[in-house]
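**Student:** return atomic coordinates for the entry below.
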Amino acid sequence: MAAHGTCSFSPSNLSPTSVSPPGPPPTPPPTSTAISKSPLESKASSLSPVPHSTCHEDSLPLAVFYGPLDAKNPLLVSCEKEIQELLGFMKRKKALATTEEQKHEFHRRCATSLFNIWTKYAPRLPAAYYNEKLLKVGDSLCEMKFHALNGKNICSYQLVCDSDTNLQNRESVIHCLHILSSLRLIMQVALPQEHLCWIIFNGTIYIYTICRKLMIIGHSSKALEYLLWASMCMESSVPLLAVRYLTWRASLYTAVCQCYYDCHAGVHGEAFARRALAKIDELRQLELMSSSPSQEESRRCYREAAIKMAVMIFKRGVFESRRKNKSLFRPKIRVNLREAQTLQWPRTVTERLLDEMFDSTASRFLAVLEALSDSNRRTLQTGPVVTEEVEVRDVVSELFIAGRELLITSNTGAEGTLDFPKSSLLPLIIQRKNVISVDAAVKFIKLAFTYEEWSLFESSAGQLIDFLQRQDDPESKKAEKELLLLIAIEPLINVKRNKGLIFPLENFKEGQVYCKKIAFHDTCGKACGHSEDVFLLATTLYSCVCDSPQVKYLFSIICNRVKGGYLEMMICGYGYLRKTSTALVFKNKFQGSSEPL
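**Tutor:** Next up, the predicted model:
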């Protein structure tokens with residue numbers, strides 16, 4: 001983050017002969033509002049009005065009297081010291097003024113002190129130095145104002161989140177949009193000034209933070225314009241074009257592309273990713289033209305940014321390259337995907353495209369995850385991809401085949417089971433590692449559940465749970481509980497016991513074994529009159545609630561089980577309810593009870 005600029009002057013711009021300022025500001029009348037006890041003269045909180053000094057500054061010696069106009073000139077040093085003390089006082093004490101009366105007194109005191117400084121030094125300083133110092137103090141005051149406004153906005157956002165964590169109320173979303181508009185206005189005013197680049201940089205961070213929250217709850221269309229603005233500000237501010245900010249620019253670019261894809265505007269998402277990739281390449285060419293040698297850190301930044309944009313391009317390109325051209329008639333040539341799984345890599349068009357665009361297993365796996373991910377679809381919203389195009393369904397299957405192959409070839413341990421490094425996926429991508437992180441593998445398994453690739457899901461989930469049970473970190477325990485819940489509910493969703501198109505992993509381990517370890521004895525379920533699958537789900541839910549509840553999955557599971565009975569009652573109408581109540585009354589009478597259960 002750029003630091004605040006300090007007030008300085010250039011002695012070469014000053015002339016010893018230019019000693020008359022354009023005219024000092026008029027002296028205020030000696031009323032009760034004009035005080036001589038400035039914050040530089042006293043640290044006491046109470047103020048007592050004192051009549052203004054009647055000394056004439058015109059009779060004092062000029063700055064040239066003390067020698068050259070440089071940093072050692074005592075008059076210039078004194079002026080600089082008083083200004084810095086006043087600005088420091090304003091930064092420290094502004095937050096302490098809470099009531100309207102205190103704020104008014106603070107503003108009056110600061111304005112009077114600053115006016116006294118200008119009146120004191122204006123006749124004695126060279127005009128060039130005086131005007132330059134006047135402008136720089138104004139810039140410092142503007143920076144303080146922008147900083148305070150940004151702080152107010154982010155505090156307002158935090159208060160909204162404290163009162164409504166998930167922004168479920170419409171008023172909370174509207175308040176967030178107002179905060180984003182305020183941040184954009186501040187950045188618009190500060191953008192022409194290069195020395196205010198730190199205001200721009202902070203503004204992009206605040207905008208990204210709020211917009212990510214809006215994207216999570218399904219308001220990507222509202223967040224898009226502000227993320228676009230933040231990206232353009234990073235491109236328009238010259239100091240922020242440095243390589244050290246490239247990683248952050250790439251994050252903003254990626255968020256914009258994600259918004260486009262969430263809004264089903266993949267064409268614009270791919271176009272923006274290609275534009276961003278061109279901007280990154282322009283910056284790389286400029287660095288190559290410069291005399292400074294390229295550092296290892298710069299190369300890492302370029303690689304990370306380029307891969308992020310390539311993944312966003314692949315997200316749409318892998319599907320569009322296979323769509324039929326309706327203007328041309330071509331016979332369908334389809335690959336037998338079951339036979340292709342037994343061949344050597346690359347076996348399909350998708351795998352060949354992965355080899356062309358990416359150079360490591362980690363980056364290819366990230367591309368597969370992004371191509372399969374859909375923010376508009378929940379994990380428990382299972383089913384194949386909704387489309388009438390056979391080519392699109394084939395691409396989804398090919399992506400799962402590629403992901404399975406990458407998972408097996410890169411993370412199979414000595415005993416034939418899955419093993420994972422402790423690092424996350426992004427550092428592995430930057431280092432060109434041919435391994436996959438555990439969090440990426442968990443996401444891939446959840447996608448297999450969502451797209452009903454049951455054989456792949458059961459085999460990979462079983463092996464991954466075996467690995468997660470040996471870990472001690474909270475993230476691994478959380479992922480283990482999530483997979484246990486998915487394994488428990490899978491028999492209730494996959495009633496027909498379909499296997500899916502993708503083959504299971506080698507050394508197949510049935511995932512239900514891990515759920516049965518935490519379930520009660522089977523006889524308890526039979527005694528209660530429930531099926532084994534429902535009982536297994538109930539015990540798994542109970543275990544997760546008692547240990548570390550996964551609210552998102554628990555809510556979805558309960559709703560999915562209740563939805564069937566609710567729909568049956570809605571379809572059958574009151575006849576179904578009368579039939580149910582009659583059966584309950586008959587059962588109560590048969591058991592000798594007059595009260596309903």
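**Student:** C-alpha from now on. contacts and neighbour counts both.
**Tutor:** OK.
**Student:** does T382 lie in a helix or a strand, and which?
**Tutor:** For T382, there is no enclosing helix or strand under DSSP states H and E.
**Student:** list the contacts of it.
**Tutor:** Residues near T382 by CA atoms under 8 Å, 6 or more residues apart in numbering: F449, T450, Y451, E452.
**Student:** I'd say the last one and P384 touch.
**Tutor:** Spelled out, it's E452. Yes. Because the distance of 6.6 Å satisfies CA atoms under 8 Å, E452 is recorded as touching P384.
**Student:** between those two, who's got more neighbours?
**Tutor:** Neighbour comparison, E452 and P384: the larger count goes to E452, with 23 against 13 (by other CA atoms under 10 Å).
**Student:** so which helix or strand takes in that one?
**Tutor:** Under the assignment given by DSSP H and E, E452 is not contained in any helix or strand.
**Student:** so how far is F400 from it?
**Tutor:** For E452, the distance to F400 (CA to CA, to the nearest Å) stands at 11 Å.
**Student:** please apply the same query to V77.
**Tutor:** For V77, the distance to F400 - CA to CA - is 71 Å.
**Student:** neighbour-wise, which of the two wins?
**Tutor:** More crowded of V77 and F400, by other CA under 10 Å: F400, with 25 against 12.
**Student:** which non-adjacent residue is nearest the more buried one?
**Tutor:** Spatial nearest neighbour of F400, chain neighbours left out: I502 (7.2 Å); criterion: CA to CA, 6 or more residues apart in numbering.
**Student:** counting neighbours, which bits of stretch 384-400 end up buried?
**Tutor:** E391, V392, R393, D394, V395, V396, S397, E398, L399, F400 (16 or more other CA atoms under 10 Å).
**Student:** take the residues you listed and write them to TSV, including secondary structure.
**Tutor:** Conversion of the buried residues of stretch 384-400 to TSV gives the following (DSSP: H, G, I helix; E, B strand; the rest coil):
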residue	secondary structure
E391	helix
V392	helix
R393	helix
D394	helix
V395	helix
V396	helix
S397	helix
E398	helix
L399	helix
F400	helix
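**Student:** and which of those is nearest Y121?
**Tutor:** L399 (73.5 Å; CA to CA).
**Student:** show me the contacts for the closest one.
**Tutor:** Residues counted as contacts of L399 (CA under 8 Å, 6+ apart) are T350, E351, V368, A371, L372.
**Student:** just among those, which is most surrounded?
**Tutor:** Sorting the contacts of L399 by how many neighbours each has (other CA under 10 Å) puts V368 first, at 27 neighbours.
**Student:** what about that one, helix or strand, and which?
**Tutor:** Here V368, judged by DSSP H and E, is contained in helix 361-372.
**Student:** residues in contact with that helix: which ones?
**Tutor:** The contact list for helix 361-372, computed with CA under 8 Å, 6+ apart, reads 307, 311-312, 314-316, 318, 354-355, 358, 396, 399-400, 402-403, 406, 410, 425, 428-429, 432-436, 440, 443-444, 447.
**Student:** from those, which ones fall inside helices?
**Tutor:** Applying DSSP state H to those, the entries found in helices are 307, 311-312, 314-316, 318, 354-355, 396, 399-400, 402-403, 406, 410, 425, 428-429, 440, 443-444, 447.
**Student:** what subset of those residues is buried?
**Tutor:** So, by 16+ other CA under 10 Å, the buried ones in the ones in helices among the contacts of helix 361-372 are 307, 311-312, 314-316, 318, 354, 396, 399-400, 402-403, 406, 410, 425, 428-429, 440, 444, 447.
**Student:** how is this protein divided into domains?
**Tutor:** Domain assignment for the chain by automatic domain parsing gives 1-14+32-37+50-219, 242-313, 337-549.
**Student:** dump these to TSV, plus distance to S231.
**Tutor:** As requested, the domains of the chain are exported to TSV (distance: least, CA to CA, whole Å):
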stretch	distance to S231
domain 1-14+32-37+50-219	8
domain 242-313	6
domain 337-549	21
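**Student:** in TSV: these, plus mean pLDDT and distance to M234.
**Tutor:** Shown next, in TSV, are those (pLDDT from 0 to 100; distance: least, CA to CA, whole Å):
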stretch	mean pLDDT	distance to M234
domain 1-14+32-37+50-219	75	7
domain 242-313	91	7
domain 337-549	80	23
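**Student:** ok, back up a step: of the contacts of T382, keep whichever come out buried.
**Tutor:** The neighbour count (16+ other CA under 10 Å) marks F449, T450, Y451, E452 as buried among the contacts of T382.
**Student:** of those residues, closest to T379?
**Tutor:** Closest approach to T379 among the buried ones among the contacts of T382 (CA to CA): T450, at 5.4 Å.
**Student:** from Q168, how far out is the residue nearest to that closest one when sequence neighbours are not counted?
**Tutor:** In space, and not counting its chain neighbours, T450 is closest to T382: 4.4 Å by CA to CA, 6+ apart. Distance, T382 to Q168, using CA to CA: 25 Å.
**Student:** need the single longest helix in the chain, by residues.
**Tutor:** Secondary structure of the chain per DSSP H: the longest helix is helix 127-163.
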